Structure formats: structure tokens, C-alpha cells
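Chemist: structure here, sequence nowhere to be found:
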């Protein structure tokens, strides 16, 4: 009886690459008798995903009366998947879909849905809406000068424009003086008014200074 030679198999050749959800296969053949052996390669399974904030991206904003608006392009992901956001006020346990607009401390949850190759994932990032800068300007067409009539000047907030809200008060300074006073002037002269807007829930305090003159009344 003739002895049978032992099988001597060559290297494996992948005939079908496995995917996250489908098995693959590989085969090799005996170099002696050409017998071919094929076996399955297990599916790789879905890969882990991660979400990080892109370098240089700042989530904080100044209050401007509009809600924060985040985009997927501000973040980096290992894989694909639909991106959605939820928001939480600092100190709260509730997550909501509505993006905040008011001044405060918040957290955004970035949720990446499961895809064909990647698992779902989420990341949480703190951000702040800071009080907005305020500014005061004189409304177009408003004149602060007056002709002497024996009464003090009387300015109103309605004569000025503001970026934000806040209680408005006035102080006055005579030209050449360093002293600011609460009492509005009535005598002929050159003056300056300081318009002061108090800090509010959404805006910082601010002030603006405007020159005006009380001129002599004409005599007939």
C-alpha cells in the first residue's frame, strides 16, 4: 500500500472581505494534491465612533437676541451618522431640543446616530452666552443744543439709541471742568452730557458723552 503524503497548504487568500455586518471568506490549497479549503471570516462588527470639538472652534457667544446655532462642521467624528443636538442649562438635569438664547451657562450634547459601519456615540461640551456689549448713540436728527429760556435742559432716553436695555441716567459737565453733576444746566455755556445705561440681564453697562450748548436768547 502506497503511503499518502501529508497536505501542505499555502498561504490564505481572502476571497471576500468581511464588513461590519457581513462575514467574509478565505481559502488556501494544498500544494501536493490541490485540495482547496475555504473558511469564513467573522464580520468585523461596527466600529466605535467618537465626537470631539475641532481645534480653534469656540462655542461661546455674546448675547444678540438670537439662539445659538451649532453645526456638525464644528465637530470631528470617527465615522458617519446623522448629527443632532440637545441642550441643558447648567445645574439642570433636563435636556431640550430648543437652542438657548438667554445669557447663561449651558451644555450641548452632540449625538451621532448609528450608521452601517459605526456605532452611535455622543459627546457633551460646555458653552456660555455672555452679556452683550451695549452702545449709546444720538438718534439721527436730534439736536441737544437749546436757546436760553430760564429752564434747565431736559434730555430723555428717547433721544438716544441703544444696543440693549438698561436704566438710563444723565450727568452733566461744564466745558473746562472735571466735575460731573446730576443737576442739569440752564445757564448759557458749553456743556457735555454723559448718558449712562445700567447693566441689564442681557447687556453690559455702557455710557456715551455728547457735547451741547445753551446759547443766548436773541434780543429785539
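Modeler: Yep, it's here. Just so it is clear, the structure is predicted and the values come from calculations on it, not from any experiment. Numbering: from 1, shown residues only.
Chemist: mind listing what residue 68 touches?
Modeler: Counting by Cβ atoms under 8 Å, 6 or more residues apart in numbering, residue 68 touches 59, 61, 87, 99, 100, 101, 106, 108, 127, 129. Glycine gets a C-beta too; all of them are placed from N, C-alpha and C.
Chemist: low-confidence ranges in this structure?
Modeler: 1-4, 20, 219-220 (pLDDT under 70).
Chemist: could you rerun that using 50?
Modeler: By pLDDT under 50, the weakly predicted segments of the chain are 1, 220.
Chemist: quick check, central residue of it?
Modeler: Closest to where the C-alpha atoms of the chain average out (Cα atoms, centre = their mean) is residue 59, at 3.7 Å.
Chemist: in the sheet, who's paired with the nearest residue to that one once chain neighbours are set aside?
Modeler: Using Cβ to Cβ, 6 or more residues apart in numbering and skipping the chain neighbours, the partner closest in space to residue 59 is residue 127 (3.6 Å). Per DSSP bridges, residues listed as beta-bridge partners of residue 127: residue 106.
Chemist: so what's the residue count around residue 127?
Modeler: The tally of other residues near residue 127 (other Cβ atoms under 10 Å) stands at 19.
Chemist: again with residue 61
Modeler: For residue 61, using other Cβ under 10 Å, the count is 16.
Chemist: check the one 5 residues further on too.
Modeler: A count of nearby residues for residue 66, using other Cβ under 10 Å, gives 9.
Chemist: so it sits against residue 101, correct?
Modeler: Yes. Using Cβ atoms under 8 Å, residue 66 is in contact with residue 101, at 6.0 Å.
Chemist: what does stretch 182-196 contact?
Modeler: Applying Cβ under 8 Å, 6+ apart, the contact partners of stretch 182-196 are 136, 144, 148, 150-155, 160, 168-175, 180, 205-216.
Chemist: just the buried ones among those, please.
Modeler: Among the contacts of stretch 182-196, those classed as buried by 16 or more other Cβ atoms under 10 Å are 136, 144, 153, 155, 160, 168, 170-173, 206, 208, 210, 212, 214.
Chemist: just flag the most distant two among these.
Modeler: Within these, 206 and 214 form the most distant pair, 26.1 Å apart (Cβ to Cβ).
Chemist: give me phi/psi at residue 175?
Modeler: phi -60, psi 130 (degrees, to the nearest 10).
Chemist: just give the nearest non-adjacent residue to it, would you?
Modeler: Closest to residue 175 by Cβ to Cβ, 6+ apart is residue 190, at 3.8 Å.
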